[in-house]
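Participant: okay, sequence plus prediction incoming.
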Amino acid sequence: MAIQLPNTALLSSLNPAARRSLLVALFTLLLLRGRIADIPNAAFSKLKTVAIRQDISQEELAQALQQVYINEPDGSKTVLVPYKGHISKVTIYPTSSPAFAKSAKHFPLIPASNKTNLDKTFLRQLFPILRIAFPSWHSKEALILVMHSFFLVLRTVLSIGVARLDGRIVRDLVSSDGKGFAKGIGLWFLLAVPSTYTNSMAKLSSRMRTRLTRYADDLYLSSAPDLRYYRVALESGLTDVDQYITSDITSFCDALAGIYGNVLKPSLDFVLFTSQLAFSLGFRGTTSLFLTYYLTAKILRSVTPAFGRLASVEARLEGEYRAGMGRVGRESEEIAFYGGGLRERSILGRAYMRLIKHVNSIYKIRIAYEWTEDFLIKYMWSAAGYCVISIPVFMRRVRNVGIQTHGPRLHEKPDNEVANRTESYISSRRLLLSLGDAGGRLMYVYKDLLELAGLTARLYTLLSTLHNLPHPPLPEDPAQENIVLRGVDVGIPTAAPQFVTPSDSTEDVSLSFDGSEVFARKATTTTVLVKDLSFELNPGDHLMITGSNGVGKSAIARVMAGLWAAQGGGDVKRPMGKKGMFVVPQRAYMVTGTLLDQIIYPDSYPDFVASGRTHEQLMEILTAVNLAYLPSREGGWSTRKEWRDVLSGGEKQRMAMARVFYHRPKFAILDECTSAVSSDVEGRMYEHAKSLGITLITISLRPALMRYHTQLLTIAGDGTGRWTLKRIGTAEERMDMDREIVTLENKLAEIEKWETRVKELERLLKVQDI
Ligand SMILES: Nc1ncnc2c1ncn2[C@@H]1O[C@H](COP(=O)(O)OP(=O)(O)OP(=O)(O)O)[C@@H](O)[C@H]1O
């Protein structure tokens, strides 16, 4: 009995030399395939690298390191990345606003459900994400996908050749055909290498990750007026965005890339191997096989746990634990001063236990599921397969069992029935084992798909939440010269109605999985802190805002700066950009980077270079805030340090004032940002700001600062939201007030002396009593 595969007929029809050449060509192609997609890029980046290497000196290298990126005329940025002692350039095209507007319509808010299933919702969530990961059919990602698919198909086809060869080698062994056996072994080795070559989808995963991360970053870190990074938590309730962007995107891409390989290969194996077996097993055998598949799928489906939901909860708990760790790192000094290590450990320990308990429960569920799966697929399928193969043998029907060929072969020995039956048995058995393996992997795919559905739900939640945030306060008017507030209610923003399900409108609800916390946020009525606020500030109208703690002074600053929307139908007009209005908040923020970066923030080094400003001018600014010693003490302008820890509280506040002097805005809102600065330096900084023509809006509880202002806004703080606006007086009146303040401060300084005297007198009185 001769052996031949219908779909390898082409291979068999070739003469041995041609067949060998074809196999060698395939083998070479397989070895090179990982490189093919890289060639254009690798060659290109090599060329660029060489060009840079030839020109670059140490000084230029240092300069490039400080430069970080170059703004290109077409709006793109060329990022300079230090790599193996040279600088490699990566061009990044930021996602434009029209592109976001176009893709926003694919991300409507989908109400969360308690189940993550492979249903229409999953597809509705997956497709818009795929659109971002695969922007077009001729993108590099699509090319990689096509190439991987090609090699997957090739491997499957080769595995049928392996099954056939297996049978042939055993047949030659049984029939003592030494020459045929040696030939078979040679071919076996030749086929073994390409057949065992595994397909790595890691590259596709990393490319998808880059696309999705850039999209999410551009959307999240949007500039004014969107400010999604600021508004998302307050106005939608979505927290731990860092976990979504850094971890969930990666898991999603790995899962998606893995699923593709895990679906395509076993599906192909399944179809090809079943058709091979069906060819030899006949109608009865094939029907029995399909019955076995059907029963297995039914049983497994009924015992499959909600893997999607479990994956989603795991990602959320992971995010909470990670956020806790980040907080301790950030606030380490405060925690150390309070001696709060133990307390933090118990908080983090609790978060970790919640995570690990969940992970363990998944393992338990998974073990039970995998046990059932192994039993069904490895043992039940094999037993069913043996029975099906044995039918023709035991019934002694004259039938070609196994992989069939048509026509006699040159080396066939006509009477060798046992050898032929062995060959057929070995080939069929190998096919059955491969089929079992493919079936097992296909069953796993169901579980993987459920997990992918969970991750898809989380990623979709992030993107749809960011896309559907309420419209930002108001577009800025470039021609606006002054600040005008008309009938503004200042209140704390709450989650917009679209993020709250109707049933949650009055009660708190516990957080659930797959990002549904976004929808489960408690809706409350807005708390109005200041009612019907109206005033107009022109250049030179220095305003001081005062009132007791928590009355809403900083809230007014947030409304003026466009961070919070004006409520009560009020209207806010303000000058545009950081040249129009610059806010210095209570907590001084230090950016990652050089000493120079601290002064020019939020500008970057390329902006500094483009502005034509010099280091001498920066030195003058530092002198104005009494920080002139910093460049020499810290080793120059380009020193990089963790400035948050290096500078003292007062130094950080003075650095924040240096930023005001660098940007010279029309209006500067100073929100208790000089509380740690000594009063003489504070006074000098105020005078300097005014001499630069900056109009000051100060939020403070220190009456001593009143002298630098012309108007005083006092918030009543009695819960009514009332306020008063008064003129502080003429220059002469302010001088009088200054004098009175100095007198009062001198008197206050004597309090200690008087208290000591009172104590002395009390002591004397006690002595007389005895
Ligand atoms: N994001 C927020 N979510 C909930 N409540 C907030 C939020 N921001 C501020 N508040 C509340 O709004 C009220 C006013 O806050 P604001 O920061 O304006 O106070 P303030 O007058 O500047 O106080 P202080 O003098 O202590 O700085 C406070 O009760 C505060 O708890």
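Facilitator: Looks like it came in fine. Numbering: from 1, shown residues only.
Participant: chain neighbours aside, what residue packs nearest to the residue nearest to the spatial centre of the chain?
Facilitator: Using C-alpha atoms, centre = their mean, the residue of the chain that lies closest to the mean C-alpha position is Ile245, 1.0 Å off. In space, Ile245 comes closest to Ala216 once its chain neighbours are excluded; the distance is 5.1 Å by C-beta to C-beta, 6 or more residues apart in numbering. For every residue, glycine as well, the C-beta is placed using N, CA and C.
Participant: can you verify the one you found is assigned to a strand?
Facilitator: No. If the criterion is DSSP: H, G, I helix; E, B strand; the rest coil, then Ala216 is helix and not within a strand.
Participant: list the contacts of it.
Facilitator: Taking C-beta atoms under 8 Å, 6 or more residues apart in numbering, we find Ala216 in contact with Tyr244, Ile245, Ile249, Leu462, Leu463, Leu466.
Participant: I'd say the fifth one and Asp217 touch.
Facilitator: No. Assessed by C-beta atoms under 8 Å, Leu463 is found out of contact with Asp217, at 11.8 Å.
Participant: for the ligand, state which of the contacts of Ala216 is nearest.
Facilitator: Distance to the ligand across those (C-beta to the nearest ligand atom) is lowest for Leu466, with 18.5 Å.
Participant: what helix or strand is that closest one on?
Facilitator: According to DSSP states H and E, Leu466 maps onto helix 417-467.
Participant: returning to what we had before: mind checking how far the residue nearest to Ile245 is from the ligand?
Facilitator: Using C-beta to the nearest ligand atom, to the nearest Å, one obtains 23 Å as the distance from Ala216 to the ligand.
Participant: separation between Trp564 and the ligand?
Facilitator: Trp564 sits 9 Å away from the ligand when distances are taken as C-beta to the nearest ligand atom.
Participant: quick one: neighbours of that residue, just the number.
Facilitator: Using other C-beta atoms under 10 Å, Trp564 is surrounded by 22 other residues.
Participant: can I assume it sits in a strand?
Facilitator: No. Secondary structure of Trp564, determined by three-state DSSP: coil, with no strand assignment.
Participant: and the next helix or strand past the top helix by length along the chain?
Facilitator: Among the elements of the chain assigned as helix by DSSP state H, the one spanning the most residues is helix 249-303. Stepping forward along the backbone from helix 249-303, the first helix or strand reached (DSSP H and E) is helix 307-330.
Participant: show me how far that next one is from its chain's centre.
Facilitator: Between the mean C-alpha point of helix 307-330 and the mean C-alpha point of its chain there is a distance of 13 Å (C-alpha atoms, centre = their mean, to the nearest Å).
Participant: what angle separates that helix from helix 417-467?
Facilitator: Put simply, helix 307-330 runs at 50 degrees to helix 417-467, going by axes from the mean of the first three to the mean of the last three C-alpha atoms, to 10 degrees.
Participant: what's helix 307-330 packed up against?
Facilitator: The contact analysis (3 or more C-beta pairs under 8 Å, 6 or more residues apart in numbering; DSSP states H and E) places helix 307-330 against helix 241-242, helix 341-374, helix 417-467.
Participant: OK, contacts around the closest residue to Ile249 other than its chain neighbours?
Facilitator: Sequence neighbours aside, Leu212 is the residue nearest to Ile249 in space, at 4.9 Å (criterion: C-beta to C-beta, 6+ apart). With contact set as C-beta under 8 Å, 6+ apart, Leu212 has these partners: Ile129, Ile132, Ala133, Ile249, Phe252, Cys253, Leu459.
Participant: tell me the contacts of the residue nearest to the centre of the chain?
Facilitator: Contacts were defined as C-beta under 8 Å, 6+ apart; by that measure Ile245 touches Thr213, Ala216, Asp217, Tyr220, Leu462.
Participant: now do Met353
Facilitator: Met353 neighbours (C-beta under 8 Å, 6+ apart): none.
Participant: quick one: it from Trp564, how far?
Facilitator: Met353 is 37 Å from Trp564, where distance means C-beta to C-beta, to the nearest Å.
Participant: nearest to the ligand: which residue in the stretch 101-250 of the chain?
Facilitator: In the stretch 101-250 of the chain, no residue comes nearer to the ligand than Leu234, which is 5.4 Å away by C-beta to the nearest ligand atom.
Participant: am I right that that residue is in contact with Pro470?
Facilitator: No. In this structure, Leu234 sits apart from Pro470 without contact. The criterion is C-beta under 8 Å, and the distance is 10.7 Å.
Participant: need the overlap of contacts for those two.
Facilitator: In contact with both Leu234 and Pro470: no residue, using C-beta under 8 Å, 6+ apart.
Participant: check whether Cys673 sits in a helix, strand or coil.
Facilitator: coil.
Participant: could you do Val572 as well?
Facilitator: For Val572, the reduced secondary structure class is strand; criterion used: three-state DSSP.
Participant: contact residues of the stretch 401-550 of the chain facing the ligand?
Facilitator: In this structure, the stretch 401-550 of the chain approaches the ligand at residues Ile492, Leu529, Asn549, Gly550, judged by C-beta under 6 Å from any ligand atom.
Participant: restricted to strands, list those.
Facilitator: The strands, defined by DSSP state E, take in Leu529 from those.
Participant: could you turn the buried ones of the residues of the stretch 401-550 of the chain next to the ligand into a ChimeraX selection?
Facilitator: The ChimeraX selection below is limited to those of those classed as buried (16 or more other C-beta atoms under 10 Å):
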select :529
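Participant: hmm, which two among the residues of the stretch 401-550 of the chain next to the ligand are most spread apart?
Facilitator: Taking C-beta to C-beta, the two most distant members of those are Ile492 and Asn549; they sit 15.4 Å apart.
Participant: run through who's touching stretch 557-571.
Facilitator: Judged by C-beta under 8 Å, 6+ apart, the contacts made with stretch 557-571 from elsewhere in the structure are 224-225, 227, 230-231, 470, 472-474, 476, 483-493, 526, 528, 531-533, 545, 555, 572, 574, 581, 583, 669, 671, 697, 699.
Participant: same thing with stretch 662-671?
Facilitator: Residues outside stretch 662-671 that contact it (C-beta under 8 Å, 6+ apart): 481, 483, 537, 539, 553-554, 557, 560-561, 574-575, 578-586, 599-600, 603, 613, 618, 621, 657, 660, 689, 692-700.
Participant: how far off centre is stretch 437-452?
Facilitator: Taking mean C-alpha positions (C-alpha atoms, centre = their mean), stretch 437-452 and its chain are 26 Å apart.
Participant: how about stretch 128-136?
Facilitator: A distance of 16 Å separates the centroid of the chain from that of stretch 128-136, by C-alpha atoms, centre = their mean.
Participant: mind exporting that stretch as CSV, just the C-alpha atoms?
Facilitator: The C-alpha coordinates for stretch 128-136 follow below in CSV (Å, rounded to 0.1, in the frame of the first residue of the first chain):
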residue,chain,number,x,y,z
PRO,A,128,-12.4,50.6,17.8
ILE,A,129,-9.3,49.6,19.7
LEU,A,130,-8.1,47.5,16.7
ARG,A,131,-8.6,50.5,14.5
ILE,A,132,-6.0,52.3,16.6
ALA,A,133,-3.6,49.3,16.7
PHE,A,134,-3.9,48.6,13.0
PRO,A,135,-4.4,52.1,11.4
SER,A,136,-4.4,50.8,7.8
